[in-house]
Structures are given as C-alpha cells and as structure tokens.
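Colleague: Sequence first, predicted model second:
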Amino acid sequence: MTAPDGAPDIRTGDDLVDILLGLVDLVDLVDGDVVAVTSKVVSKAEGRVRRGTRDQALAGETLRVVARRGATTIVRNRLGLTMAAAGIDSSNVEQGHVVLLPEDPDASARAIRAGLRERSGRNVGVVVTDTAGRTWREGQTDLAIGAAGIVVADDHAGRTDAHGNLLEVTVPAVADEIAGMAELAQGKLGARPFAVVRGRSDLVLPVGEDGPGAAALVRAEGTDLFGYGAREAVVRAVKGDPADRAPFGAPGSAEELAAAVTEVLGVPAARDGSSPHGLAVRVPDALRRPLEALAFAHGWEALPADSADQVRLRPVRV
C-alpha cells in the first residue's frame, strides 16, 4: 500500500482523478490495484461543506437516533450507516464549517473508477473510506462507505478449511479491510487522502462491472441485534410507538416471549386457544404496562382486553 504526498487542499469542483494522476509517479497505477480515497476529499470536491456546527447539521443527515450519551449522539444516517454525529466532520476544514458525507458514495466511487480507466487505461477498484468507531471496541478505524469495481464481501460459505470443517457464516468484509489498511499509509494528519493497495487483483472486477458497492455491507433496518442503545431500547419499548418497531427486528417466538414474561413478571404465559399464533397471560392491572412493553420489544402486541385480568398477545407480523 502506498499513499502519495503532495495532494493539495481540495475545493469544490476539483477533479480528484486529475489530482491523483498528477501523483502517479509516486504510485504508478497498474491493472488490479485498488485506489482508496477518503470521503473527506470526495465531499469537499462535491460541495458538501456547510457553514455551521455538527449539531446544526445533524437533523438533516439523520434517519433515526440509535443512542445518546452526553454530548455523543449515535444515529442511523441517510446512507443507512450507524455513526456518531451521522459522520459529519469538523476537522481539516475552515473553522465554523463542517463536512457532510457524500450524497452517494458508491456513485462517487463509480465516477472515480470510470475517470481513472478513461485517462490512465488502468482497470482498478475504488473504495471511498470514512472513519468510524466499533461497538465494544476502543478507538476507530476506516471502513468502506463507497465502492466500485471491487468485491466488497468475500463469501466463504460452503468452503472447507484445512481440517475439513465446513464454513457457514464466514464473510470477510474485504472492502472494509482494504479501507483500514489504506488508512495506515495515509495517516490522520499526513494530508495524504489517496492510497493505492496492490496485491489483491483477485478482488477487482472486470471493466464494465462495478459490483454492488459498499451499500451491500449495510445491514437492513431490523436485522441488526442492536437496533437501539440499551437505555433507548427500554424507553422505546415502554413508549410503544408503532413507528419504533422496525429496529427491534422480526417477532420473537411464542416460547421466547413466554419465557421473558415468566422471568420478568413471575406469571405464566399460555397458548391462546383462540389464535394459533397467540399467547394469553393473566396479570393484575398494575402489570399490564410492563407486559405490553415486553410484548413490544419482542415484536408482539397486546389486544384490547376481553376480561379483567387476561391479556391476549399476538405477533405483529406472522
């Protein structure tokens, strides 16, 4: 991996392909290389610099809040990425301004790839990178938020290891790994927004095939096991707003919900004879709201009461 020095401060309208090719004497592109470009310079070239603060820009880049802790707000942004402050950055930009993520990082990557092919004759992959934290890990690393002409995830399912063990869920996110490796060469303060990674031409797609892009690495809403922060999940479940259901995912099984009801409320939940998919729980009035919150968190809902002490539950989506 090589990250050339000498890149200028990027301004709106700058041609990133021309700037990179002006540095090729230091990197010497060949077919099968992967070019990594920081999202910061892509955003600057595309005019995504805004006057104001991150807090002022946050609402426009946010689909929903995932968690808040003090001054830190983690959101799912309009690209589907879960990031602190929606990925809005106030570093390496004039004071009083912030840089938003590119409008469509995959489209940006495709444009850069096409430009490099047209002007250099080389078939390369392109990764647009950004920095993010990781759950349960200190520190940050770069990951791919845009990609073109490259395999973004190398699915090993169905292969066997050297001992004959079948691999079932091994899917290295190779685009993220390349982004992290490129950042080692670029550094955070080195003014080196471009990097060239060589040696994985097997991941670069043929000319004319851009692949699914980095968007393919974003989990669909409701499929992640951690759709809300711990505190936020409790609040959302107790509030019970139907608009908040999606991040809780698909409904849990009747057995799972019944076990939670017994563990938390100390009462049994039996199969509801009037519904093949339902449960019936006898609880005093004081426990009805906790029961409804448990049901909501599991993707179930409480039906209108048909007796003083019995609550019928059913999954929202069967």
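Modeller: That came through, no problem. All figures in this text were calculated on a predicted structure; none of them were measured in a lab.

Colleague: Give me the longest helix you can find in this structure.
Modeller: helix 105-120 (DSSP state H).

Colleague: For that helix, output the C-alpha coordinates as PDB.
Modeller: Once non-C-alpha atoms are left out, helix 105-120 reads as follows in PDB (Å, rounded to 0.1, in the frame of the first residue of the first chain):
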ATOM      1  CA  PRO A 105     -20.500   7.300  -2.000                       C
ATOM      2  CA  ASP A 106     -21.000   4.400  -4.400                       C
ATOM      3  CA  ALA A 107     -21.800   6.700  -7.300                       C
ATOM      4  CA  SER A 108     -18.700   8.800  -6.300                       C
ATOM      5  CA  ALA A 109     -16.600   5.600  -6.400                       C
ATOM      6  CA  ARG A 110     -18.000   4.700  -9.800                       C
ATOM      7  CA  ALA A 111     -17.200   8.100 -11.200                       C
ATOM      8  CA  ILE A 112     -13.600   8.000 -10.000                       C
ATOM      9  CA  ARG A 113     -13.100   4.500 -11.300                       C
ATOM     10  CA  ALA A 114     -14.500   5.400 -14.800                       C
ATOM     11  CA  GLY A 115     -12.300   8.500 -14.800                       C
ATOM     12  CA  LEU A 116      -9.200   6.600 -14.000                       C
ATOM     13  CA  ARG A 117     -10.000   4.000 -16.700                       C
ATOM     14  CA  GLU A 118     -10.600   6.700 -19.300                       C
ATOM     15  CA  ARG A 119      -7.500   8.700 -18.500                       C
ATOM     16  CA  SER A 120      -4.900   6.100 -17.400                       C
END
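
Colleague: what sits against the residue nearest to A85 when sequence neighbours are not counted?
Modeller: Distances taken as C-beta to C-beta, 6 or more residues apart in numbering place R54 nearest to A85, at 4.9 Å, with adjacent residues excluded. In this view, the C-beta of every residue, glycine as well, is placed from N, C-alpha and C. Counting by C-beta atoms under 8 Å, 6 or more residues apart in numbering, R54 touches A85, I88, D89, S90, V98.

Colleague: Next one, pLDDT for the last one please.
Modeller: Going back to what we said before, that points to V98. Note for V98: predicted pLDDT of 96.

Colleague: again, but for the second one
Modeller: On pLDDT, I88 comes in at 96.

Colleague: Give me the neighbour count for it.
Modeller: 26 (other C-beta atoms under 10 Å).

Colleague: Repeat that for the fourth one.
Modeller: The criterion is other C-beta under 10 Å. On that basis, S90 has 16 neighbouring residues.

Colleague: What of the third one?
Modeller: Summarising burial for D89: neighbours were counted as other C-beta under 10 Å, giving 17.

Colleague: Not counting sequence-adjacent ones, nearest residue to it?
Modeller: Nearest to D89 is V99, by C-beta to C-beta, 6+ apart, at 4.8 Å.

Colleague: That neighbour pairs with what?
Modeller: Assessed by DSSP bridges, V99 has beta-bridge partners V49, D89.

Colleague: just checking, what packs against the longest strand seen in the chain?
Modeller: Assignment by DSSP state E gives strand 137-148 as the longest strand of the chain. Where contact means 3 or more C-beta pairs under 8 Å, 6 or more residues apart in numbering; DSSP states H and E, strand 137-148 is packed against helix 39-45, helix 105-120, strand 125-134, helix 174-186.

Colleague: Kind regards, and thank you for your time.
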